[in-house]
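Student: The following block contains a protein sequence and its predicted model.
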Amino acid sequence: MNDRSCLRYMPLPYQRAVKRCHLMLACVAAAFSWGFAAPSIAEEVPTYTKEQTVQPDCENDRPADRAIHGCPDMIEAPDGDPYERIRVYTMRGFAWLKDEEPIAAVSDFDRALQLDPENRSAIRGRAWAYERMEKYDGAIRDWTLLIKLNPREYEYFRERGYTYHLDSKYELAVADFSSALELDKNGIDSLIGRALAYGAMDKVPEALSDFEAAHTLNPKYSAVYIARAEMWERHGNIDNAIADYRSALELNTTNQKAAHALKRLGAANVPRRRLGE
């Protein structure tokens, strides 16, 4: 995980990263009220999909709109390579996510999974899309499927823990983060996630223990300070929150979350303390 997307999130779209920050870096809350039902039939094409002229090239590093609207020849060719179609559907699903269209993403991931029901990239993408739509049951089903496919992969437990937290099922979140830590004892993100789940349950001593363990693993990891600061702020301990926001800003002077929080708390003009003081 690094600070650039509030957590660790590699292909993770911005809105999901913001909401995930409630769990890990506890970034600003973002309520998503889509009001739509995800397409459940693979053949269902989102009505807002625009017809485009055929583009022969369709690479992962192209912009999201090209990935979305490109390569209809690959997808529609009746004699096309099914593995190539799986790749294109999955790639386009992630492009839809980047373009803030989770309904369309679910449709394309469904198509890929019709061709390969155990395609882990497509299952992962669909789980993220369901989560973006606040369809947590669907996301949890997909994470559970991935765990069944590979019960030794700590990331899947951690991801399901995030979703349980978003669904306010904090005890289940703690259990999954604990399972992730059994598989990856130095999983700093899992420690932060479990700490925030404990904090949401008002189990502050347990939360502080996990934050301290995460800090021990990496004393210069500003995410630990941001997450702990938001826990302090939620519990009304503003002095401790300010101190942790300042520590985060010392470690990463471009951390806008910390800077905005300090301004909001009226501490933006107070000289920052030096590390180690």
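Tutor: Yes, it's here. Worth saying up front: this structure is predicted, and the values here are computed from it rather than measured.

Student: Who are the packing partners of the helix or strand where Tyr156 lies?
Tutor: Element membership for Tyr156 (DSSP states H and E) is helix 154-166. Judged by 3 or more Cβ pairs under 8 Å, 6 or more residues apart in numbering; DSSP states H and E, the packing partners of helix 154-166 are helix 120-132, helix 136-149, helix 170-183, helix 188-200. C-betas here are computed from N, CA, C, even on glycine.

Student: ok, 10 Å please
Tutor: Here helix 154-166 touches helix 14-20, helix 120-132, helix 136-149, helix 170-183, helix 188-200, going by 3 or more Cβ pairs under 10 Å, 6 or more residues apart in numbering; DSSP states H and E.

Student: With respect to burial, which of these scores highest?
Tutor: When you average the neighbours per residue for each of these (mean count of other Cβ atoms under 10 Å), helix 188-200 leads with a mean of 26.

Student: Let me see the mean pLDDT of stretch 178-192.
Tutor: Here stretch 178-192 scores 97 as its mean pLDDT.

Student: ignore the last one, stretch 92-102
Tutor: Mean per-residue pLDDT for stretch 92-102: 94.

Student: For Lys98, which of the helices and strands packed on helix 154-166 is the nearest?
Tutor: helix 14-20 (8.6 Å; Cβ to Cβ).

Student: hmm, back to that, among the helices and strands packed on helix 154-166, which comes closest to Tyr245?
Tutor: Counting by Cβ to Cβ, Tyr245 lies closest to helix 188-200 out of the helices and strands packed on helix 154-166; the figure is 15.6 Å.

Student: ok so, going back, pipe the helices and strands packed on helix 154-166 into CSV and attach distance to Thr163 per row.
Tutor: Rendered in CSV, the data for these read as follows (distance: least, Cβ to Cβ, whole Å):
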stretch, distance to Thr163
helix 14-20, 10
helix 120-132, 6
helix 136-149, 5
helix 170-183, 8
helix 188-200, 11
